[in-house]
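**Q** Sequence plus predicted model, see below.
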Amino acid sequence: MIKIFHICLPQIKNKINFKRHIRIALFVGTILNFINQYENIIEMNYQKLNVFHALITYCVPFFVSVYSAATFNHQEETND
């Protein structure tokens, strides 16, 4: 687990990569939130909107993006 953290940390520290991961999370997270909470969004029933699920729906694509980029870069570095 600590190894994964050390591999992913440079992706988060790099400003350009961080912005890219945020954009991916916003794009994918918005689509997933729309799919998961469609009824509440369409009806504008924001009281029934589950904020915790919405936040997780944005966090998951962010971390997947960071992890996939980090492992790809790590493989490239170890193959050289």
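**A** It's in. Treat the numbers as computed from the prediction; the structure is a model and nothing was measured. Numbers count the residues shown, from 1 in each chain.
**Q** In this protein, mark out all the helices, start to finish.
**A** Taking DSSP state H as the test, the helices found in the chain are 2-13, 15-36, 38-42, 51-79.
**Q** Who are the packing partners of the shortest one?
**A** Spelled out, that is helix 38-42. Judged by 3 or more C-beta pairs under 8 Å, 6 or more residues apart in numbering; DSSP states H and E, helix 38-42 is in contact with no other helix or strand. C-beta: built from backbone N, CA, C; applies to glycine.
**Q** For that helix, which outside residues touch it?
**A** Here helix 38-42 makes contact (C-beta atoms under 8 Å, 6 or more residues apart in numbering) with Asn33, Phe34, Asn45, Tyr46, Lys48, Leu49.
**Q** Any idea how far that helix is from the middle of the chain?
**A** Centre-to-centre, helix 38-42 and its host chain are 22 Å apart (C-alpha atoms, centre = their mean, to the nearest Å).
**Q** I'd like the average pLDDT over stretch 69-78.
**A** Average pLDDT, stretch 69-78: 81.
**Q** Pretty sure Phe36 sits against His53.
**A** Actually, residue 36 is Asn. It isn't Phe. Yes. Asn36 is within contact range of His53, at 6.7 Å (criterion: C-beta atoms under 8 Å).
**Q** re earlier: okay, the helices of the chain in JSON lines with mean neighbour count next?
**A** Formatted as JSON lines, the helices of the chain follow (neighbours: other C-beta atoms under 10 Å):
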{"stretch": "helix 2-13", "mean neighbour count": "13"}
{"stretch": "helix 15-36", "mean neighbour count": "14"}
{"stretch": "helix 38-42", "mean neighbour count": "12"}
{"stretch": "helix 51-79", "mean neighbour count": "14"}
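**Q** Would you reformat the contacts of helix 38-42 as TSV and include distance to Pro10?
**A** Output for those, formatted as TSV (distance: C-beta to C-beta, whole Å):
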residue	distance to Pro10
Asn33	29
Phe34	32
Asn45	42
Tyr46	38
Lys48	40
Leu49	35
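**Q** Mind picking the lowest-pLDDT entry from these?
**A** Lowest pLDDT among these: Tyr46, with 81.
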